[in-house]
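[1] My questions concern the predicted model and sequence given below.
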Amino acid sequence: MEILVTYDVNTETAEGRRRLRRVAKVCERFGQRVQFSVFECVIDAANLALLINRLSKEIALDEDSLRIYRLQEPRERHVQTLGRPLVYDQREPLVF
């Protein structure tokens, strides 16, 4: 499945700025950053549960907001992008 993870972390304090970095690091393990606080992930149900579990440990529920949307597939028919293209397509094999 393809999901979109968005977050807004309160960065008014040093701890908030640390939370922001930790949330981003978790998201980077599961997907590709497409905007500053937005990640697209190609993920199965088990890894989605793992992602949610890890993110729930990083955010402050009373200060931060995190949203996960499931993208309607095929994405190309439902998502319009203007500007910079993706760094890589997660659905394609990554060859070095």
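    Done, it's in. Numbers count the residues shown, from 1 in each chain.

[2] Sketch out the low-pLDDT regions of the protein for me.
    Low-confidence segments of the chain (pLDDT under 70): 74-82, 84-96.

[3] hey, where'd the helices end up in it?
    For the chain, the helices identified by DSSP state H occupy 14-30, 45-58, 75-78, in order along the chain.

[4] Turn those into CSV, columns for mean neighbour count and distance to Tyr7.
    All C-beta atoms are positioned from the backbone trio N, CA, C, and that covers glycine. What follows is the helices of the chain, written out as CSV (neighbours: other C-beta atoms under 10 Å; distance: least, C-beta to C-beta, whole Å):
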stretch, mean neighbour count, distance to Tyr7
helix 14-30, 16, 5
helix 45-58, 14, 8
helix 75-78, 10, 20
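
[5] mind giving me JSON lines with those helices and columns for distance to Leu4?
    Shown next, in JSON lines, are the helices of the chain (distance: least, C-beta to C-beta, whole Å):
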{"stretch": "helix 14-30", "distance to Leu4": "11"}
{"stretch": "helix 45-58", "distance to Leu4": "12"}
{"stretch": "helix 75-78", "distance to Leu4": "10"}
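
[6] how about the ones you listed, which one is nearest Arg67?
    Arg67 lies closest to helix 45-58 among the helices of the chain, at 10.6 Å (C-beta to C-beta).

[7] now that closest one against helix 14-30, angle please.
    For helix 45-58 and helix 14-30, the angle between their directions (axes from the mean of the first three to the mean of the last three C-alpha atoms, to 10 degrees) works out to 170 degrees.

[8] one step back: out of the helices of the chain, nearest to Asp64?
    Using C-beta to C-beta as the measure, helix 14-30 is the one of the helices of the chain that comes nearest Asp64, at 6.8 Å.

[9] For the closest one, name the packing helices and strands.
    Using 3 or more C-beta pairs under 8 Å, 6 or more residues apart in numbering; DSSP states H and E as the contact criterion, the neighbours of helix 14-30 among helices and strands are strand 2-8, strand 38-42, helix 45-58.
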